[in-house]
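In: Let's see this in three dimensions:
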Amino acid sequence: MTQPALPKKGFRRSDTELNTAAIQKLHQASIKEETAVLDMMDSSKTGISPESAEERISQYGLNEIRYDKPPSWFVQLIKSFLNPFIFILLAIVIISYGIDVFFAAPGEKILKPSSS
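Out: You can find the predicted model right below:
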């Protein structure tokens, strides 16, 4: 049996080791009978006791996802413009402006102020 691929970026070594242990435990649980899985998880069909829940919370922490702090709005704005398509659009704007200003006939320039 091959080992499942582990996440590489953004995980500390301890996180990777915990993920490996969790994957192996889930694999073992998937091939066992219901009673064996409940024994393996130290649980029962009715769940765990409040004392056991408190003990597990103190040992493992709350069942919450940790989120990374998002980058500042300025960094997000700058990164949104670092896209090749944006550079193509900017090139089109520059070429279009150049054609309109430098190559248009004297009376056909769009950027000429209206005389109304």
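In: now the helices: where do they sit in this structure?
Out: Here the chain has its helices, by DSSP state H, at 13-31, 34-40, 50-60, 73-80, 84-102.
In: buried residues in the first one?
Out: For helix 13-31, the neighbour count (16 or more other Cβ atoms under 10 Å) marks no residue as buried. From N, CA and C alone the C-beta is placed, and that goes for glycine too.
In: packing partners for that helix?
Out: The elements that helix 13-31 packs onto, with contact taken as 3 or more Cβ pairs under 8 Å, 6 or more residues apart in numbering; DSSP states H and E, are helix 34-40.
In: Just the CA trace of the helix it packs on, in CSV.
Out: Once non-C-alpha atoms are left out, helix 34-40 reads as follows in CSV (Å, rounded to 0.1, in the frame of the first residue of the first chain):
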residue,chain,number,x,y,z
GLU,A,34,-18.2,-0.6,14.1
THR,A,35,-17.5,-1.9,17.6
ALA,A,36,-13.7,-2.0,16.9
VAL,A,37,-13.8,1.6,15.6
LEU,A,38,-15.7,2.8,18.7
ASP,A,39,-13.2,1.1,20.9
MET,A,40,-10.3,2.6,18.9
